Every structure is written in structure tokens, then in C-alpha cells.
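**Q** Sequence and predicted model, in that order:
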Amino acid sequence: MNRLIASTILCFLLLSCNSDDTNSSLAGQTYVISSYLLDTAMDFNGDGASSNDLLIETPLLSPLWLDVFNSCLDIGSLRFEDEGIACPFGGGLFIDVEEDDNGQRIQTAICAVVNCVGFTEYSITNDRIVFSFDDETFKEGEFLNNTMTFTFSSNEVNSLKFLQHDGTVLAYNGSVTIVYTLE
């Protein structure tokens, strides 16, 4: 009888350690954007090498645009707080081309972030992280080796417009994958 009880306890311990429903606390950790990937490799910075990562291909045409883009990346970091809340998560980066006061085309960027409105809860199961908002799944991504990867479909992303070196405008309507890495 003691052997049966010991075996049962051992089974429960093993099952609890290997549970598919693990929810590890990330409280106090910050994940920063380490890649901002487009579907298509392009040469936005004019160096002759194409990449699909906007962090590598940040256009050098407008220092103001670069400042806004970098600020958006910083603001867009995931800060995990107590009680399963990550802040901020959501919002977006709006990249556009406009005309300045002299009628010249300029690259612009606007950063919009949902800043803890209603809070965002998270749960981790195996290699998936799920963010929810008011008990509804908000976004799901991959969580491996201190990185989180989220893909936003073209329906979730506003059209991005890039000013090319020849003055033409390239509209991008594909998906965006954002990779966060533990700071």
C-alpha cells in the first residue's frame, strides 16, 4: 500500500513538473524590440544591401524620422509587472510620406502605444505566450530562449509608406513580425 501511495505521489509530481499549462512569472523583466521584420527584403538606407529588418534598413533620409522610430522602439518595450500584467502591448508604428512646407516629400513616423489601458494579462504555455485583454485573447506569439516573436498580419498593420532615394514612394501592405529580446 505504501508503495502505491509513493508511486501515485511520484506520478503527480512528475506530471506537475511537465504540465503543458506552466505560467512562469516575468515580473520585473523588460523585453525590447530587437527586430522589426517585413515580408520583403528592401534597401531603404541606400547601402546596396537589402534586408527585411527595419532596424538594419532604417532610412537615413530624415534624422527626425529616425528619432521617432527609435523612440517608438523604446516606448514599445514590454515591461512585465506583478500579477501577470505586461505594459505596454499594442498600438503601432505609422510610417508615412508627407510634404513639408516647401512641397518636398519627407519621411514621417508616428508612434501610437496602448499604455496600460485596462492592462494586458499574459500566460505562458510551453513555447507560446498569450496576451489577453478583459479575458479575450489579444495576441499570441512564440516564447523561446528569452525572445518573444509576434507576427501581425497585413490586416493588423496599417500600410507603411517609405520614401525611396529616387523620390518615389513605396507602399508596403504585408505582415510585420516583431521580435522582443530580454534586456
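**A** Yep, it's here. On a predicted model such as this, the values are computed, not experimentally measured, just so you know.
**Q** all contacts plus neighbour counts: C-alpha atoms, from now on.
**A** OK.
**Q** Tell me where the protein is predicted with low confidence.
**A** Scanning the chain for pLDDT under 70 picks out 1-24, 59-71, 75, 88-92, 112-119.
**Q** Tally up the residues packed near residue 37, please.
**A** Residues near residue 37, counting by other CA atoms under 10 Å, number 19.
**Q** Any chance of the backbone angles for the residue nearest to it when sequence neighbours are not counted?
**A** Using CA to CA, 6 or more residues apart in numbering and skipping residues adjacent in sequence, the residue nearest residue 37 is residue 53, 4.4 Å away. Residue 53 adopts backbone torsions of phi -100, psi 120, taken as degrees, to the nearest 10.
**Q** Residue 53 contacts residue 38, correct?
**A** Yes - in this structure residue 53 lies within contact range of residue 38 using CA atoms under 8 Å: 6.4 Å.
**Q** where do the contact lists of those two overlap?
**A** The contact sets of residue 53 and residue 38 do not overlap (CA atoms under 8 Å, 6 or more residues apart in numbering).
**Q** Show me the strands in the chain, by range?
**A** Remark: strands assigned in the chain by DSSP state E are 30-42, 51-53, 78-81, 85-87, 92-99, 105-112, 120-125, 128-133, 136-144, 147-152, 160-163, 169-172, 176-182.
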